[in-house]
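Asks: Please find the sequence and the predicted model below.
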Amino acid sequence: MTSPGGARSHDADVDVLVVGAGITGIYQLYRAREAGFSVLLLEAGGGVGGTWYWNRYPGARFDSESYTYGYLFSKELFEEWEWQEHFAQQPEIERYLNHVVERFDLRPHIRFGASVTAAVYDEQGARWAVTTGDGGSFGARFLVAATGVLSVPHFPAIDGRERFRGEQYHTGRWPPEPVAFAGKHVAVVGTGSSGVQLVPVIAPEVASLTVYQRTPNWCTPLNNGPITPAEQADLRARFEAIRETLDTSPSGFLHAPHDRATFEDSEEARLAFYEQMWHSPGFSKLTSHYTDLLFDPAANAEWCAFIAAKVRSIVEDPETAERLIPKDHRFGEHRPPFVTGYYEAFNLPHVSLVDAAETPVVRVTETGIETADGVREFDMIVWATGFDFGTGALLRMGIQGREGLALAEHWADGPRTFLGIQTAGFPNLFFPGGPHAAAGNNPRYNGDQVDFITSTLVFVRDHGAAAIEVTPEAEEEWTAMVDRGAARSPSFGERSYYFGSNVPGKPRKYLLNSAGRPKLFKEIAKVQENEYAMFLLSGSPAPAGTR
């Protein structure tokens with residue numbers, strides 16, 4: 001086999017085959033190699049980064065603090081890489097991940113341009129046979145699908161999209177070459193996390209910008225800024241304390257929780273606190289807010305009223321302001337986007353908002369977008385319409401387990417997992433960072449799963465077994481817990497894409513673990529204390545030379 005990172009290699013047979021070179025997949029590659037396994041990573045794209053390779057649209061950046069999103073397994077790495085901003089932009093994120101791959105000599109173990117088209121489990125040999133779109137064929141004892149939850153762009157079912165003669169882009173598949181906006185009439189469809197990042201960046205360049213909004217969100221300021229030299233020194237000095245907090249925090253953030261509930265404060269004190277929250281960084285508006293924000297409807301309503309007043313004070317046109325204020329969900333029931341200059345963009349004379357609930361989109365024409373009010377013509381349409389969240393990538397890999405059971409069939413009514421890492425009937429298949437992961441700072445929770453998976457691989461090796469799979473009973477118990485949690489606060493609302501609501505025909509099942517990291521930690525401890533009683537071990541590995 002030639003270098004997996006180069007042009008066309010021979011087929012390979014390894015202990016661990018990882019799919020996806022995002023933050024989770026890179027970490028799994030590193031951990032499996034350090035544990036002594038032969039390992040190869042397959043990546044559909046032309047470089048590392050996963051979400052941060054494909055999502056390179058103008059304005060794409062972290063909304064978790066940079067130094068909390070990166071890797072914590074190496075103090076030296078933490079100290080030598082100096083993030084330039086508290087919330088880094090995509091180019092810096094991509095540079096960081098390439099630095100990690102080079103520093104730990106991981107690139108020789110990665111094959112790019114290799115999109116998995118089939119993964120079939122051979123029960124007799126206890127191995128996975130994986131094929132890729134570039135003609136590759138691979139064998140592996142363990143298959144780790146680190147394909148992520150934001151991997152498959154979703155386009156709305158709007159008639160005529162293929163007929164548009166202008167430029168079209170999806171924020172989740174942005175081209176590596178610069179896109180020219182200057183002097184063009186541009187439509188942005190969607191106002192989720194990517195749409196609200198893109199709009200204020202391109203607004204000053206374009207001849208006109210029309211934003212098509214289906215559902216407004218409770219947007220609050222990101223409050224980004226450069227990391228000063230003094231802050232850099234402080235971060236390096238506090239590495240061990242930072243790592244301890246991030247490794248144990250329920251949300252995976254450094255933000256300190258608040259010490260009281262909303263109505264324990266006077267009205268004057270609450271307003272002052274809301275102002276403090278408005279100016280606080282990113283997700284601290286959730287994690288450091290009043291303790292009952294997501295549990296008490298009256299507390300949530302008061303915070304929403306504060307945000308609504310802010311929107312009205314920023315957006316000069318009263319009708320536009322009202323359209324930008326959510327009326328159908330509370331703060332936190334959808335993933336709250338964090339913005340820089342988003343509301344201010346609507347004060348520019350050439351920026352307008354179309355409420356697709358009031359005037360639905362009828363079709364895309366050759367020259368523009370038609371709504372109930374008529375046709376607007378554009379040079380470019382940007383689809384900021386999100387992803388087939390949670391299961392999209394996994395169900396497109398052609399995965400077949402025992403007796404040819406297709407994962408798509410096993411999950412026909414929604415995903416069924418244990419710990420969000422395994423599903424019954426699919427031995428030696430793991431999917432960290434997939435469905436039934438937790439809301440919060442994703443790399444921290446996904447890293448917990450990778451650490452457990454690596455320990456599990458070592459356990460199987462040390463016990464001389466060929467395969468491991470979760471029992472149907474453990475899968476049923478975990479999935480039932482997830483389903484129960486979907487009906488309790490602070491779960492996201494059913495209209496959120498966390499229920500698959502943005503994809504027609506997708507089962508409306510909760511795709512997160514609302515019990516979060518504490519529940520994951522508790523169950524992992526139980527598994528290890530009980531010597532993996534929730535799993536079935538079978539067979540013995542194939543003798544050397546028979547693969």
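Replies: Right, received. Where do you want to start?
Asks: Could you list the buried residues of the longest helix belonging to the chain?
Replies: For the chain, the helix that runs over the most residues, judged by DSSP state H, is helix 442-462. Under the neighbour-count criterion of 16 or more other Cβ atoms under 10 Å, helix 442-462 has 442-454, 456-457, 459-461 buried. Every C-beta, even on glycine, is put in place using the N, C-alpha and C of the backbone.
Asks: ok, now stretch 336-354?
Replies: 336-343, 345-346, 351, 353-354.
Asks: Next, work out how far apart the closest residue to Leu405 other than its chain neighbours and Ala119 are.
Replies: Leaving aside its chain neighbours, Leu405 sits nearest to Gly425 (5.3 Å; criterion: Cβ to Cβ, 6 or more residues apart in numbering). Distance of Gly425 to Ala119, given as Cβ to Cβ, to the nearest Å: 14 Å.
Asks: Over to Thr423?
Replies: 13 Å.
Asks: and for the two, which residues touch both?
Replies: Residues touching both Thr423 and Ala119 by Cβ atoms under 8 Å, 6 or more residues apart in numbering: Leu429.
Asks: So between the two, which is more surrounded?
Replies: Thr423 (28 against 25; other Cβ atoms under 10 Å).
Asks: what does the helix or strand harbouring Ala140 rub up against?
Replies: Per DSSP states H and E, Ala140 falls inside strand 137-145. Contact with strand 137-145 is made by 11-20, 25, 28, 32, 37, 40, 42, 119, 126-132, 393-394, 397, 399, 428-432, 434, 453, 457, 466, 541, 547, as judged by Cβ under 8 Å, 6+ apart.
Asks: After it, which helix or strand is next?
Replies: Per DSSP H and E, the helix or strand that comes after strand 137-145 is strand 167-170.
Asks: picking that back up, now for the buried residues of stretch 336-354: which two are most distant?
Replies: Phe338 and Val354 (23.4 Å; Cβ to Cβ).
Asks: Just the ones of the buried residues of stretch 336-354 in strands?
Replies: 338-339, 351, 353-354 (DSSP state E).
Asks: want to throw those residues into JSON lines with distance to Pro472 and pLDDT?
Replies: Formatted as JSON lines, these follow (distance: Cβ to Cβ, whole Å; pLDDT from 0 to 100):
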{"residue": "Phe338", "distance to Pro472": "41", "pLDDT": "97"}
{"residue": "Val339", "distance to Pro472": "45", "pLDDT": "98"}
{"residue": "Val351", "distance to Pro472": "54", "pLDDT": "98"}
{"residue": "Leu353", "distance to Pro472": "50", "pLDDT": "98"}
{"residue": "Val354", "distance to Pro472": "49", "pLDDT": "97"}
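Asks: rewinding a little: which parts of the following helix or strand past the longest helix of the chain are buried?
Replies: Remark: after helix 442-462, the chain's next helix or strand is strand 467-470, criterion DSSP H and E. By 16+ other Cβ under 10 Å, the buried positions in strand 467-470 come out as 467-470.
Asks: Contacts for strand 467-470 next, please.
Replies: For strand 467-470, using Cβ under 8 Å, 6+ apart, the contacting residues are 126, 418, 422-429, 456, 459-460, 532, 534-539.
Asks: who's in contact with the closest residue to Ala203 other than its chain neighbours?
Replies: Counting by Cβ to Cβ, 6+ apart, Ala203 lies nearest to Ala345, which is 4.4 Å off, once chain neighbours are set aside. Neighbour list for Ala345: 199-200, 203, 209, 351 [criterion: Cβ under 8 Å, 6+ apart].
Asks: cutoff 7 Å now
Replies: Neighbouring residues of Ala345 by Cβ atoms under 7 Å, 6 or more residues apart in numbering: 199-200, 203, 351.
Asks: what does Gly192 give?
Replies: Contacts of Gly192 (Cβ under 7 Å, 6+ apart): 217, 337, 384, 386.
Asks: shouldn't the first one be in contact with Pro337?
Replies: Going back to what we said before, that points to Asn217. Yes - between Asn217 and Pro337 there is a contact under Cβ atoms under 7 Å: 5.4 Å.
Asks: pLDDT on stretch 257-267, on average?
Replies: Across stretch 257-267, pLDDT averages out at 97.
Asks: ok, Glu34 - how many residues close by?
Replies: Glu34, neighbours per other Cβ under 10 Å, totals 12.
Asks: ok, now Ala230?
Replies: Here the number of neighbours of Ala230 (other Cβ under 10 Å) works out to 8.
Asks: swap in Glu377?
Replies: 13.
Asks: Could I get the contacting residues of it?
Replies: Counted by Cβ under 7 Å, 6+ apart, Glu377 has contacts 185, 367-368.
Asks: Out of these, who's the most crowded?
Replies: Most surrounded of these: other Cβ under 10 Å gives Gly368, at 21 neighbours.
Asks: OK, contacts around that one?
Replies: Contacts of Gly368 (Cβ under 7 Å, 6+ apart): 375-378.
Asks: which ones among those are found in helices?
Replies: Per DSSP H, the contacts of Gly368 never map to helices.
Asks: In CSV: those, plus distance to Gly485.
Replies: Output for those, formatted as CSV (distance: Cβ to Cβ, whole Å):
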residue, distance to Gly485
Val375, 45
Arg376, 42
Glu377, 47
Phe378, 42
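Asks: Show me which parts of stretch 407-420 are buried, residue by residue.
Replies: By neighbour count on 16+ other Cβ under 10 Å, the buried set for stretch 407-420 is 407, 410-411, 414-420.
Asks: which one of the residues you listed sits closest to Met277?
Replies: Gly420 (30.4 Å).
Asks: How about the closest one: what's its closest non-neighbour residue?
Replies: For Gly420, the closest residue by Cβ to Cβ, 6+ apart turns out to be His436, at 3.5 Å.
Asks: residues near the one you found, how many?
Replies: With other Cβ under 10 Å as criterion, His436 counts 26.
Asks: That one contacts Pro415, correct?
Replies: Yes - counting by Cβ under 7 Å, His436 does reach Pro415; the two are 6.4 Å apart.
Asks: Quick check: neighbours shared by these two?
Replies: Joint contacts of His436 and Pro415 (Cβ under 7 Å, 6+ apart) do not exist.
Asks: what residues are up against the closest residue to Gly401 other than its chain neighbours?
Replies: Nearest residue to Gly401 in three dimensions, chain neighbours excluded: Phe426, at 3.7 Å (Cβ to Cβ, 6+ apart). Residues near Phe426 by Cβ under 7 Å, 6+ apart: 121, 399, 401, 407, 469.
Asks: Could you provide those residues in CSV, with additional columns for distance to Gly282?
Replies: Shown next, in CSV, are the contacts of Phe426 (distance: Cβ to Cβ, whole Å):
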residue, distance to Gly282
Tyr121, 41
Ile399, 35
Gly401, 39
Leu407, 35
Glu469, 39
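Asks: Which of those residues fall within strands?
Replies: Among the contacts of Phe426, the members that lie in strands (by DSSP E) are 121, 399, 469.
Asks: partner residues bridging the second one?
Replies: Yep, that's Ile399 we're talking about. Partner residues in beta bridges with Ile399, using DSSP bridges, are Ala119.
Asks: Next: the last one.
Replies: Bridge pairing for Glu469 (DSSP bridges) gives the partners Leu536.
Asks: and it, how far is that from Phe459?
Replies: Glu469 is 13 Å from Phe459, by Cβ to Cβ.
Asks: before we move on, what about the second one?
Replies: Using Cβ to Cβ, one obtains 23 Å as the distance from Ile399 to Phe459.
Asks: I figured Ser538 hits Gly464, correct?
Replies: No - the pair Ser538 / Gly464 is not scored as a contact, 11.2 Å apart, by Cβ under 7 Å.
Asks: Between the two, point out the one with more neighbours.
Replies: Ser538 (13 against 10).
Asks: distance of the more buried one from Phe426?
Replies: Counting by Cβ to Cβ, the gap from Ser538 to Phe426 is 13 Å.
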